[in-house]
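Chemist: no letters, just coordinates:
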C-alpha cells in the first residue's frame, strides 16, 4: 500500500509540475485570494471593485460573479473586464448603485 501511494504521488507530481505553464501554476497559487475587477466601456472606467475571494465564471456565460469587498453584495459583471489577483483595492470603489 505504501509503495502504491508513493507511485501515485510521484506520477501526480510529475504531471503537475512538468506539464503546467507558469500561468496555470499562478492560477492555482492564487485560488481563493481576492482580486481587483475593473470593467471598461470603451476607454471609460465604469466599474472598479475588489472581491472577498475567488472570482467565478459559468461555462455558458461571458460574465463573472463574486462578492464585493466594498458592499458585501454578490456582483455579476460582463463585458470588457480585467481581473487581477493580489492587487491593491481602490480607495473608493466604483460599484453598482445601492437600491
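Modeler: That came through, no problem. These numbers come from a predicted model, not from an experiment.
Chemist: show me the protein divided up by domain.
Modeler: Following automatic domain parsing, one gets these domains for the chain: 1-31, 33-99.
Chemist: show me where the chain has strands.
Modeler: Listed in chain order, the strands of the chain (DSSP state E) span residues 35-41, 44-50, 63-67, 74-78, 80-85.
Chemist: and these as TSV, adding mean neighbour count?
Modeler: No exception for glycine: its C-beta is placed from N, CA and C like everyone else's. Formatted as TSV, the strands of the chain follow (neighbours: other CB atoms under 10 Å):
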stretch	mean neighbour count
strand 35-41	18
strand 44-50	15
strand 63-67	17
strand 74-78	14
strand 80-85	14
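Chemist: can you say which of those is nearest to residue 93?
Modeler: With CB to CB, the closest approach to residue 93 among these belongs to strand 44-50: 4.4 Å.
Chemist: show me how far that closest one is from its chain's centre.
Modeler: The chain centroid and the centroid of strand 44-50 are separated by 16 Å under CA atoms, centre = their mean, to the nearest Å.
Chemist: likewise stretch 84-99?
Modeler: With CA atoms, centre = their mean, you get 14 Å for stretch 84-99.
Chemist: and that stretch, which residues are buried?
Modeler: Within stretch 84-99, the residues scored as buried using 16 or more other CB atoms under 10 Å are 85, 93, 95.
Chemist: least reliable of the domains of the chain by average pLDDT, please.
Modeler: Note on the domains of the chain: lowest mean pLDDT is at domain 1-31, with a mean of 65.
Chemist: and for residue 51, the neighbour number?
Modeler: By other CB atoms under 10 Å, 22 other residues sit near residue 51.
Chemist: tell me the spacing between the closest residue to it other than its chain neighbours and residue 34.
Modeler: On the basis of CB to CB, 6 or more residues apart in numbering, the spatially nearest residue to residue 51 that is not a chain neighbour turns out to be residue 66, at 3.8 Å. From residue 66 across to residue 34, the span is 9 Å (CB to CB, to the nearest Å).
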